[in-house]
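Undergrad: The amino acid sequence is not available; the structure is as follows:
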């Protein structure tokens, strides 16, 4: 019988990109980058890969090349129970970046997952994506983050005031923003100010409350604990907190809710109780989502540029993926106080 030629051997079983990677001593992703002409590969590495390609007589499959390219820029955005307005802004920014860079954005909801289920889902996800975008509250989950980091997947945490050393962050300075808003209310004459906190498991919520307290201290105003209510960044929690604050015999002249959904709920409760905003009660929020402009009067609030932040986060992820250098970045975005019609001086001196 004749000797089997190299050509016949290749036809009987196609060489895979993983075999090329093993011979070249690099990752399959690097082989894909070389084959697709990516410039972010060292010349010595490129030559090493091409020698392996020639030695194995490797011919890339066009469909496989397209799939590899898509997987190389496949970014996951994972959310759990966010404000609908907040999620909408997140998606606008992330989709804008995906369209601009030809990255593939996949969106996952992990609502109702236990901590262990989140960790398990993170381990599975790490096998199929090149990077992960984590909005709150998952941006605070050490379990999820540790699984992704352990798998070598770059992560950008959004809107977390806790700056972890192993992931990148895009955020505003929640403490300074909240302090400035509280100072604005004080400058308008308010000294009896109610505050509705966000979820206790989110550091951004804690920093907003810290900023509120710092502004009171700076102005020489004693903190009245009875004017502080717990919320959870939801409209319903804002309703419950506002009912308690406005039921007080000596009610506040202004309420600072630590997100717009809860601030919109405060306006609703005020109207239901026959109070006019801002004549009888000033109301401010935070984030400047669509909720701020779908109530009457429109809310004075802190603009957290959520769409711009998720756009920036996508850019950071893609830069990390394409350069294979998982540089950790803490990107603090400028906030802005947006003045609308929900604030006025108190109708009567508090007391």
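TA: That came in fine, so what should we check first? Because the structure is predicted, anything quoted here is derived from the model rather than measured.

Undergrad: all helices of the protein, in order?
TA: Taking DSSP state H, the helices of the chain run over residues 6-12, 17-24, 28-35, 43-56, 62-72, 84-101, 115-125, 142-150, 174-187, 203-219, 235-246, 260-272, 306-323.

Undergrad: hey, least reliable of these by pLDDT?
TA: Among the helices of the chain, helix 6-12 has the lowest mean pLDDT, at a mean of 42.

Undergrad: just the helices of the chain: most buried one?
TA: Sort the helices of the chain by mean neighbour count, taking mean count of other C-beta atoms under 10 Å, and helix 260-272 sits at the top with a mean of 24. Where C-beta positions appear, they are placed from N, C-alpha and C, glycine not excepted.

Undergrad: If you compare the directions of that helix and helix 235-246, what angle comes out?
TA: 50 degrees (axes from the mean of the first three to the mean of the last three C-alpha atoms, to 10 degrees).

Undergrad: Now do helix 260-272 and helix 84-101, the angle between them.
TA: Helix 260-272 and helix 84-101 are oriented at 150 degrees to each other (the same axes, to 10 degrees).

Undergrad: Just checking the distance from helix 260-272 to the centre of its chain.
TA: Centre-to-centre, helix 260-272 and its host chain are 25 Å apart (C-alpha atoms, centre = their mean, to the nearest Å).

Undergrad: any idea how far the closest residue to residue 92 other than its chain neighbours is from residue 119?
TA: Leaving aside its chain neighbours, residue 92 sits nearest to residue 307 (4.4 Å; criterion: C-beta to C-beta, 6 or more residues apart in numbering). Computed as C-beta to C-beta, to the nearest Å, the residue 307 to residue 119 distance reads 29 Å.

Undergrad: Repeat that for residue 142.
TA: 10 Å.

Undergrad: before we move on, what about residue 154?
TA: Distance of residue 154 to residue 119, computed by C-beta to C-beta: 18 Å.

Undergrad: repeat for residue 177
TA: 32 Å.

Undergrad: just residue 109 next, same as before
TA: Distance of residue 109 to residue 119, given as C-beta to C-beta: 17 Å.

Undergrad: Equivalent analysis for residue 165, please.
TA: 20 Å.

Undergrad: again with residue 14
TA: 37 Å.

Undergrad: what does residue 166 give?
TA: 16 Å.

Undergrad: coming back round to it: closest to residue 287 out of the helices of the chain?
TA: Among the helices of the chain, the nearest to residue 287 by C-beta to C-beta is helix 260-272 (5.0 Å).

Undergrad: could you say what helices and strands the closest one packs with?
TA: Helices and strands touching helix 260-272, by 3 or more C-beta pairs under 8 Å, 6 or more residues apart in numbering; DSSP states H and E, are strand 193-197, helix 235-246, strand 254-257, strand 282-284.

Undergrad: Identify the residues contacting the closest residue to residue 137 other than its chain neighbours.
TA: Nearest residue to residue 137, sequence neighbours excluded (C-beta to C-beta, 6+ apart): residue 202, at 5.5 Å. Residues near residue 202 by C-beta atoms under 8 Å, 6 or more residues apart in numbering: 136, 137, 140, 160, 233.

Undergrad: Surely the third one and residue 161 touch.
TA: Just to be clear, that refers to residue 140. No: with contact defined as C-beta atoms under 8 Å, residue 140 does not reach residue 161; the gap is 9.1 Å.

Undergrad: From the recorded domain assignment, give the ranges for the chain.
TA: Here the domain parsing of the chain from automatic domain parsing is 6-63, 72-171+309-334, 174-304.
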